[in-house]
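J.: with the sequence up front, the predicted model follows.
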Amino acid sequence: MNDSVADHELLIRRTFDAPVPLVFSMWADPDHFRQWMGPANFSCPVIEMDFRVGGSYRAMIYSDEHGENWFGGVYKEIETNKRLVFTFTWNSGGPSDGLETMVTILFREIDGKTEQIFHQTPLLSAERRDSHVGGWTETFGKQEQYLNALTQN
């Protein structure tokens with residue numbers, strides 16, 4: 001996966017000071033997932049996860065300002081500690097409601113740290129892609145804070 005993407009694609013690379021199995025588990029374990037999923041000022045009070053190829057997930061992120069935002073999808077590929085592919089669909093109204101996107105996440109060990117490469121496509125336009133950049137970037141900031149808290153103990 002290279003860093004040049006089309007208007008309908010989103011690519012975010014993030015390096016965490018944590019081992020690959022722990023970073024992978026952030027996506028595979030609902031107890032971890034609910035601790036960091038959602039942009040700043042959002043919580044994730046609901047997550048239902050059947051983590052297997054063909055299994056589905058459904059979650060809700062919440063903020064006082066934006067209320068409930070539901071999303072879900074189906075796991076397409078799971079290669080433990082290496083690659084995760086799943087569909088992602090918003091189910092809360094708004095401009096992307098009902099649009100099924102495909103998310104691919106690669107996990108790579110680099111000098112004891114983990115590079116997480118997040119790719120989502122197709123988004124409706126460059127503007128919709130850009131609106132997702134902020135949300136996912138804030139979400140991965142919360143993921144990093146949570147990972148740091150876990151690795152400090």
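T.: Looks like it came in fine. Numbering: from 1, shown residues only.
J.: do you have the helices of the protein handy? List them.
T.: Here the chain has its helices, by DSSP state H, at 20-28, 30-36, 126-152.
J.: which residues touch residue 35?
T.: The contact partners of residue 35, taken as Cβ atoms under 8 Å, 6 or more residues apart in numbering, are 44, 146. C-betas here are computed from N, CA, C, even on glycine.
J.: ok, residue 14 next?
T.: Taking Cβ under 8 Å, 6+ apart, we find residue 14 in contact with 115, 116, 118, 140, 143, 144.
J.: and those as TSV, adding neighbour count and distance to residue 108?
T.: Below are the contacts of residue 14 laid out as TSV (neighbours: other Cβ atoms under 10 Å; distance: Cβ to Cβ, whole Å):
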residue	neighbour count	distance to residue 108
115	16	4
116	23	8
118	19	12
140	19	15
143	23	16
144	18	16
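J.: now do the strands in the chain.
T.: Along the chain, the stretches classed as strands by DSSP state E are 10-16, 43-49, 56-63, 67-79, 83-90, 100-110, 113-121.
J.: tell me which of these sits nearest to residue 24.
T.: For these, proximity to residue 24 was assessed by Cβ to Cβ; strand 100-110 is nearest, at 5.4 Å.
J.: alpha carbons of the closest one, in PDB - could you do that?
T.: What follows is strand 100-110 as a C-alpha-only set of coordinates in PDB (Å, rounded to 0.1, in the frame of the first residue of the first chain):
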ATOM      1  CA  GLU A 100     -20.500   0.400   2.700                       C
ATOM      2  CA  THR A 101     -16.700   1.000   2.700                       C
ATOM      3  CA  MET A 102     -13.900  -1.500   3.000                       C
ATOM      4  CA  VAL A 103     -11.300  -1.100   5.800                       C
ATOM      5  CA  THR A 104      -7.900  -2.800   5.500                       C
ATOM      6  CA  ILE A 105      -5.500  -2.500   8.400                       C
ATOM      7  CA  LEU A 106      -1.900  -3.700   8.300                       C
ATOM      8  CA  PHE A 107       0.200  -4.200  11.400                       C
ATOM      9  CA  ARG A 108       4.000  -4.100  11.100                       C
ATOM     10  CA  GLU A 109       6.700  -4.400  13.700                       C
ATOM     11  CA  ILE A 110       9.400  -1.800  13.400                       C
END
